[in-house]
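1. predicted model follows, preceded by the sequence.
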Amino acid sequence: MPGTYSGTVVPLITPLDEHGVVDEQSVVRLLDHIRAEVTGFMPALTSGEGWKLDARQWQDVVTYTVRHAGGLPVLAGIQLPDTAAVIDRARTAAAIGADAVVVTTPFGADVTQDQIVEHYEAIRAAVDIPIFLYNEEALSGNRIEFDTLIRICKEIPGIVGIKESSGDAAFTRQMAGAGTGIPVFEGWENLLVDVRGVDGFIGPLANLEPGLCNAMLVDPTPDRQAEINTVCERYGVFLDDWYRWVKKELHRRGVISSPTVHEEAKAA
């Protein structure tokens, strides 16, 4: 329901063994490592290499997260290029027991705002599972404009949150202040001090330092932002392949068994 989600939701990395199999015991340790400080688990989104996972890997990481969530909500990321593929995977997420799906726009630089609305309308009509909007451009090649976001929030039932990763703090503030009743989450660590009024944060740093993310939400000062930036630089969170470096740190801490990323996995 709108307004349910707030605080720090963690976009989980996907623990893989050297052959690319999702490591269930590493998923368990990762969830235990952060569960006291977060309000929800978000597997298979960008930090989880969601656009690279095959169907087996995607199903396994969502299944293991649901199995070991311990009562926290699970919001399953779906990063596929077209509406039909998203609907198929959303049905699987619902069958697994996910609490919501997190969905990007259709892929392509020529996708119109009307086509974005039609995309979410089609998902809503096909699957009875809450939808979390993911507004980004790096993967999809397009972004949801303000009026379109408002239209989606008002016209499509079951929208339960927005991961606002446009990288535009003014846009995020505008959306957070729009009064839709749907929570808005900042998706970039370096912008937290500039988006007062958001309902929460969803970013890869939460895999490592969820307590610091919570402190930033409570006390969004320039000094705290400087601390966030320093920690992100230390762990490679600002790099283009941030998930690789987050995995290396989690492996160094003994949380996950292998730092393998998708393209490093070897055939069994």
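-> That came through, no problem. The structure presented is a predicted model; accordingly, all values stated were derived computationally and were not measured.

2. quick one, helices of the stretch 101-250 of the chain?
-> Assigned by DSSP state H, counting those that start in this stretch, the stretch 101-250 of the chain shows helices spanning 113-126, 146-155, 169-176, 210-218, 222-235, 242-252.

3. out of the ones you listed, flag the one nearest residue 33.
-> Of all these, it is helix 242-252 that lies closest to residue 33, at 7.8 Å by Cβ to Cβ. Backbone N, C-alpha and C define where each C-beta goes, glycine included.

4. relative to helix 222-235, how tilted is the closest one?
-> If you take axes from the mean of the first three to the mean of the last three Cα atoms, to 10 degrees, helix 242-252 sits at 80 degrees to helix 222-235.

5. for helix 242-252, list every residue counted as buried.
-> 242-247, 249-251 (16 or more other Cβ atoms under 10 Å).

6. let me have the helices of the stretch 101-250 of the chain in JSON lines, extended by distance to residue 41.
-> Shown next, in JSON lines, are these (distance: least, Cβ to Cβ, whole Å):
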{"stretch": "helix 113-126", "distance to residue 41": "21"}
{"stretch": "helix 146-155", "distance to residue 41": "24"}
{"stretch": "helix 169-176", "distance to residue 41": "23"}
{"stretch": "helix 210-218", "distance to residue 41": "11"}
{"stretch": "helix 222-235", "distance to residue 41": "20"}
{"stretch": "helix 242-252", "distance to residue 41": "15"}
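
7. of the ones you listed, which approaches residue 11 most closely?
-> From those, taking Cβ to Cβ, the stretch that ends up closest is helix 242-252, at 9.3 Å.

8. and for that closest one, what are the contacting residues?
-> 13, 15, 30, 33, 46-49, 204, 207-208, 235-237, 239, 256-261 (Cβ atoms under 8 Å, 6 or more residues apart in numbering).

9. for this protein, just list every one of the strands.
-> 7-11, 40-42, 75-78, 100-103, 131-135, 159-164, 184-186, 200-202 (DSSP state E).

10. list the contacts of the last one.
-> Okay, so that is strand 200-202. Taking contacts as Cβ under 8 Å, 6+ apart, the residues outside strand 200-202 that touch it are 5-11, 39, 42, 163, 183, 185-187, 189, 192, 213, 216-217.

11. apply 10 Å and report the result again.
-> Outside strand 200-202, the residues within contact range by Cβ atoms under 10 Å, 6 or more residues apart in numbering are 5-11, 38-40, 42, 45, 47, 75, 102, 132, 134, 161-165, 183-189, 191-192, 195, 210, 213-214, 216-217, 228.

12. now it, how far from the centre of its chain.
-> 9 Å (Cα atoms, centre = their mean, to the nearest Å).

13. parallel or antiparallel, which strands does that strand pair with?
-> strand 7-11 (parallel), strand 184-186 (parallel) (DSSP bridges).

14. indicate which one of those strands is closest to residue 107.
-> strand 7-11 (19.1 Å).

15. distance check, residue 97 against residue 74.
-> From residue 97 across to residue 74, the span is 8 Å (Cβ to Cβ, to the nearest Å).

16. who's more crowded, the two?
-> It is residue 74, of residue 97 and residue 74, that has more neighbours when counted by other Cβ atoms under 10 Å, with 23 against 14.
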